[in-house]
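>>> could you look at this predicted model? Sequence included:
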Amino acid sequence: MNQYKLTHLELLETEAIHVMREVAAEFERPALLFSGGKDSIVMLRLAEKAFRPARIPFPLLNVDTGHNFPELNDFRDRRAKELGAKLIIRTVEDALAKGIATQVPGELSRNRLQIPTLLAAIEEFQFDAAIGGARRDEEKARAKERFFSFRDEFGQWEPKKQRPELWNIYNGRLLPGQNMRVFPLSNWTETDVWEYISQENLELPHIYFAHEREVVRRKGQWLPVNDLQPPKEGEEVKTLKVRVRTIGDIMTTGCIESDATEITDILAEVASARVTERGGRADDKVSESSMEDRKREGYF
Amino acid sequence: MRFTTAGSVDDGKSTLIGRLLHDSKSIFEDQWESLERSADLAGGTEVNLANLTDGLRSEREQGITIDVAYRYFATPRRKFIIADTPGHVQYTRNMVTGASTANMALVLIDARNGVVEQSKRHAYISSLLGIPHMTVCINKMDLVDYSEDRFREIREAFYAFIPRLDIRDISFIPISALKGDNVVTESEKMPWYHGPTLLSHLEDVYIASDWNLKDFRMPVQYVIRPHTDEHHDYRGFAGQITGGTIRVGDEIGVLPAGARSKVKSILTHQGPADEAFCPQSISLELEHNIDVSRGDTLTSFDNLPYTTRDHDAHLCWMHEKPLQLGRKYLIKHGSRTTKVVFRELVNKINVHTLEEVHEPADMGLNDIGRVRFNTMSHLVYDAYKKNRYVGGFVIIDEATNDTLAAGMLRSPDKAQPVPDFTDYVI
Ligand SMILES: Nc1nc2c(ncn2[C@@H]2O[C@H](COP(=O)(O)OP(=O)(O)O)[C@@H](O)[C@H]2O)c(=O)[nH]1
C-alpha cells in the first residue's frame, strides 16, 4: 500500500533542506545570497520549507553591481517584502567610491568587482556563512565544489584544502575571520531547477520568459541594448523575441531567441538545448580556468 | 541514482564517462567546442573526452583526476549523479568520500591487464562503505578481439576474490568505452553476451530499498520555535530521518537522555502529514514538553540503537597529519559533535594486498583500519553495516578544524544495557 519512495527532485529537496538547517544550527551569523534570479528563488523556497512555520532565520544579501537587470531588482525587493525578510544590499558603485574595489581600464563586466564588494559586506556584517545558489553542473571548476565551501581569512577558495564531505555530515567549524560559502543546490541541474519551479509554482521575474527586447549581435551573442550598453557604430539594433537562461551582469548576459512564455515551454526548451546555460555568459569564456581563478579570489 | 567510478589510470574511466554523457546527449555544443579548442592547442587532432571531466588546472596539467568531480546526466528514465574519483592509492580518501553516498560502484578493468591491485582496492572500499550495488565493466574489449574467454577469465578472477567482501549485488559487463560497445548501444561484436548494456543496467537497478526503512532514527538538527501569535506553542524538532518511518501517535524515545513521548504532528516537504519516512527532512512536534535539543536522537522502541561511549569502528584517515593515540579530537556523528580519544589501533589494511596487519604502529594519510575509542558524551547509533546514515562519522581537528578522518561504527564488543526510559505522563 505504502510506497516509501522519493523522486529525484524530492531527494534533492530533502538534501538541500538538511543543509539549510545545518547552517542555521552551526553558524552564528549566516546570510542567504538572494539576487532574484531563478536559483536564488528556488533557495528561498527551500529555506521557507526548512524553517516553517517559523520565518527564515537569516537576512537576505544582494551585491548590486549597478549592472543588474532592473526587472530583477524590482522582483528582489518585492519578494523580500512579502516574506518579511531583512534584505541587505551592497553596491559595487559604493565599493568603487570607497576604494574597496578598483576598476581595470576597459573592463566592461562588473563580475570581478562583485568579489571585493561581497567580501566587504561579509566583513561589515560579520557573516560567518553565506548561502549561495551555485550548482556543480554549471561549470567544471564548480564540479569539485563542496556543499560547505571553506574560505580562508582572505575569502579565498583553495581547491586542495577543501574538506571531505561524507554521507550527510558537514564540518562547519571555523576560526575567527574565516567563513563558509554554502551551496544547498550543489547537486541540482538546470532541468531540476526548472522542474522544481514548475512543481512549486514559483513566481519568476518576467525576463526569464520570452519578451520583445532591443538587442545587438556581439561575439556570437544577442546582448541587451540599454543606457549602459548603447549600440556601437555599425551595429544593427534588432527587436527580437528573447529570454535569458541565466542572469548575470547586464553587459555580458546573452539573450536567446525564444517563444517560451510558460514554464512548460521552457522545460521543453531546456530539454532540447544545445548549449550550456553559461554558454551565454561571456565572463566564463575568457579562459579555460576563468571560473577557477575567480573562485580562488573569493567569487561565490 | 548516484554512482561512483574508479579505475587505475588509463583504464578508460574518463573516456567511459565522456561516452555516457555524449551518447545520452548530455554534452552541449559549447562544451564540445571547448574540447575541440583544447585539442587544437595541444596539437592533437581528436577530441579527448577525458578533458570533459578533469576540471581543475592542475588536473589538466598532470592529465589526472585529483578530486572527486560530480557529473550529471539524465535519460528519459532516470537521473544520474556520477561521483568521479581517481583510482590511485594516494587518493583513497577521495574514493571513500565518493563512495559514501553512492547507490552503485562502477569498477573499471582494462581487459588486457585483468584484475589488478587497484580493482581489488576499489571493490574493497565499495564494500566497506556499504555501496549496495556493484558493476564491473571490463573495458577495452576491442583490444582483446572481443574475446568471451578473456571476459570469463577476468570474471572468475574477480569472483575468486569477492568472498572476502560484503557485496549484495554484482554484475559484469564487457564494453569498449572508446568504440561504444555495450555502453549505450548493444555491441554487434559480442553476440555471446546476453546481458544489458551499461546504460540500461544503470536505468534498471532497483535502488528504493537502499534506504533502511526498518528502525526509526532521527538526529535532532534544529529546534523550530516560531514565536508568533499563530504558532505560539509550536516547538518542532527538525531533522532528516536516517532510518525507518514514523506516524502521528507513534511512541518515540529520546536518547541518550532516555525520555519518552508520542508524536503529535509531522511536517514534511509537502506540509502536514500523517506519516514520514527515511530520508525525508521533517519537523516533529511531541505530545510532552520534554527537554530535547540538537544532538539528541529520536528513536522507535522495537530495536533500540546502541547508546555508549566506548566504540569500535573502521576508520579511513584523510589528512597528512597522522592519528595520535591519546590525543583529543572532535567527532561529528549525526547532529552531535563531542570530544574523542583513540585508545587502540586494532589493525590496518595493507592497501596493496588487502591483508590485515595487526596492531599497526601508526595510522596515516589514506590508511584504513580498525580502531577503538571513547567519546566524552554518548553516541546513539546502529552498526554502519545495518544503516550507513546512522553508523558514519567524521573526525575533526580541534585546533585547525580540518576534517581528518571518516569512520564506520561496528557493533560494540560488550552487550549493551537497555537504556532506562522515563515515562512522561502529564
Ligand atoms: N582501444 C581502446 N582504448 C580505450 C578504451 N577506453 C579508453 N581507451 C584509451 O585509453 C587511454 C586512457 O583513457 P582515459 O579515459 O584517459 O583513462 P582514465 O585515466 O581511466 O580516465 C586513452 O588513450 C583512451 O583513448 C577502449 O575501450 N578501447
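That came through fine.
>>> strands along the stretch 101-250 of chain B, start to end?
B:104-110, B:133-139, B:169-174, B:217-219, B:222-224, B:236-240, B:245-247 (DSSP state E, counting those that start in this stretch).
>>> partner strands of the third one, parallel or antiparallel?
Meaning strand B:169-174. strand B:133-139 (parallel) (DSSP bridges).
>>> touching the ligand at all, the strand it pairs with?
Yes: Strand B:133-139 reaches the ligand (C-beta under 6 Å from any ligand atom) through B:Asn139. (C-beta placed from N, C-alpha, C; glycine too.)
>>> just the buried residues of that strand, please?
B:His133, B:Met134, B:Thr135, B:Val136, B:Cys137, B:Ile138, B:Asn139 (16 or more other C-beta atoms under 10 Å in any protein chain shown).
>>> measure the residue nearest in space to the middle of chain B to B:Gly407 for me?
Closest residue to the average C-alpha location of chain B: B:Ser100 at 1.4 Å, with C-alpha atoms, centre = their mean. Going from B:Ser100 to B:Gly407 by C-beta to C-beta, to the nearest Å gives 11 Å.
>>> anything in contact with each of the two?
B:Gly392 (C-beta atoms under 8 Å, 6 or more residues apart in numbering or on different chains).
>>> show me the helices in the chain, by range?
No chain specified, so I'll use chain A. A:8-26, A:38-51, A:70-83, A:92-97, A:114-125, A:190-200, A:263-271, A:290-297 (DSSP state H).
>>> oops, chain B please
Using DSSP H, helices in chain B cover B:13-23, B:29-41, B:57-62, B:92-99, B:117-128, B:148-161, B:198-204, B:388-391.
>>> mind telling me which of the ones you listed the model trusts least?
Note on the helices of chain B: helix B:57-62 shows the lowest mean pLDDT, a mean of 49.
>>> of all the helices of chain B, which one is nearest the ligand?
Closest to the ligand of these, according to C-beta to the nearest ligand atom: helix B:13-23, at 3.3 Å.
>>> just give me how far the closest one sits from the chain centre.
Chain-centre distance of helix B:13-23: 22 Å, with C-alpha atoms, centre = their mean, to the nearest Å.
>>> for stretch B:194-212, same thing?
With C-alpha atoms, centre = their mean, you get 17 Å for stretch B:194-212.
>>> that stretch vs the ligand: in contact?
No: against the ligand, stretch B:194-212 shows no contacts by C-beta under 6 Å from any ligand atom, the least distance being 11.9 Å.
>>> tell me who's in contact with the nearest residue to B:Thr5 once chain neighbours are set aside.
In this structure, B:Thr5 finds its nearest non-sequential neighbour in B:Leu106, 4.7 Å apart by C-beta to C-beta, 6 or more residues apart in numbering or on different chains. Residues counted as contacts of B:Leu106 (C-beta under 8 Å, 6+ apart) are B:Phe3, B:Thr4, B:Thr5, B:Ala6, B:Met134, B:Thr135, B:Cys137.
>>> the last one touches B:Ala111, doesn't it?
Same thing as B:Cys137. No: with contact defined as C-beta atoms under 8 Å, B:Cys137 does not reach B:Ala111; the gap is 9.8 Å.
>>> on that earlier part again, got the contacts of B:Leu106 as CSV, with distance to B:Glu285 and pLDDT columns?
Shown next, in CSV, are those (distance: C-beta to C-beta, whole Å; pLDDT from 0 to 100):
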residue, distance to B:Glu285, pLDDT
B:Phe3, 38, 95
B:Thr4, 38, 93
B:Thr5, 43, 89
B:Ala6, 44, 79
B:Met134, 42, 95
B:Thr135, 44, 96
B:Cys137, 49, 96
